[in-house]
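Participant: Output the structure for:
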Amino acid sequence: MKLNRLETHDRHQHFTKQDFDISRCCQNLIDQKPFGNHPFYIFAHSRTEDYSLKKRLIWQPRLTRPLPQTNSLLFKAYPKDDTLKICWIIPAREMWGQYKKGQVCENLMIDEFIHTFEHNRALLKKNEEDDYSDEKIDQIYKEISQQAKLKKSKGSLFLQFPKDLI
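Facilitator: Down below sits the predicted model:
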């Protein structure tokens, strides 16, 4: 295979300049505390942008465990302790071979997640021991909703009065 040194260098520059760090994305969500100090899942999955070939990674905080799917990552965050647990990392199906032993991108943990996804998906679907019941989740959502309404109503009071009267 014949390589163009300038093109290869440009691709290397583009790759190394990408500002993407999984730990920083997760820490950002933990710092936001979307559910207060309650443990929550961080579900990252890629989606193709509308009218484009570009993909973007969507980071979604959730109280419920999503179904496992290819091209996704799932972590469980504990804001009180500022810790993170890896539930799964499942790359796109066409990339699976690259994570096997002896390959350049060898990663035994990811290979194990792929194997579990293929042969024992129920294990990946299984809830954690500390997951909340549906009733508790509804209660947390109601609390968040009430806090948001209260915050909104307080903010609207200030909009009603001229600044020189406050």
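Participant: How about the secondary structure of T116?
Facilitator: Using DSSP: H, G, I helix; E, B strand; the rest coil, the structure places T116 in helix.
Participant: OK, contacts around it?
Facilitator: 88, 123-124 (Cβ atoms under 8 Å, 6 or more residues apart in numbering). C-beta here means a position set from N, CA and C on the backbone, and glycine is covered the same way.
Participant: Let me know the pLDDT of it.
Facilitator: For T116, the pLDDT comes out at 97.
Participant: For stretch 83-100, what does the pLDDT average out to?
Facilitator: For stretch 83-100, mean pLDDT is 93.
Participant: Need the distance between the two termini of it.
Facilitator: Separation of the first and last residues of stretch 83-100 by Cα to Cα, to the nearest Å is 28 Å.
Participant: what about the longest helix in this structure?
Facilitator: In the chain, assigned by DSSP state H, the helix with the most residues is helix 134-160.
Participant: chain center to it: distance?
Facilitator: Taking Cα atoms, centre = their mean, to the nearest Å, the mean C-alpha location of helix 134-160 is offset from the chain mean by 24 Å.
Participant: can you offset everything so residue one is 282?
Facilitator: From this message on, residue numbering opens at 282, which makes the last subject helix 415-441.
Participant: tell me which residues in it are buried?
Facilitator: The neighbour-count check on helix 415-441 (16 or more other Cβ atoms under 10 Å) flags 418, 421 as buried.
Participant: pLDDT averaged over that helix - what is it?
Facilitator: Taken as a whole, helix 415-441 has an average pLDDT of 80.
Participant: Which stretches in the chain count as helices?
Facilitator: Under DSSP H, the chain gives helices at 286-298, 303-313, 389-400, 402-406, 415-441.
Participant: of these, which approaches A373 most closely?
Facilitator: helix 389-400 (10.7 Å; Cβ to Cβ).
Participant: quick one on the thing from earlier: just send the helices of the chain back as a markdown table, with distance to G378 too.
Facilitator: A markdown table is the format used below for the helices of the chain (distance: least, Cβ to Cβ, whole Å):
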| stretch | distance to G378 |
| --- | --- |
| helix 286-298 | 21 |
| helix 303-313 | 22 |
| helix 389-400 | 10 |
| helix 402-406 | 19 |
| helix 415-441 | 38 |
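Participant: got the contact list for the residue nearest to D392 when sequence neighbours are not counted?
Facilitator: Spatial nearest neighbour of D392, chain neighbours left out: Y380 (4.8 Å); criterion: Cβ to Cβ, 6 or more residues apart in numbering. By Cβ under 8 Å, 6+ apart, Y380 lies in contact with 372, 386-388, 391-392, 395.
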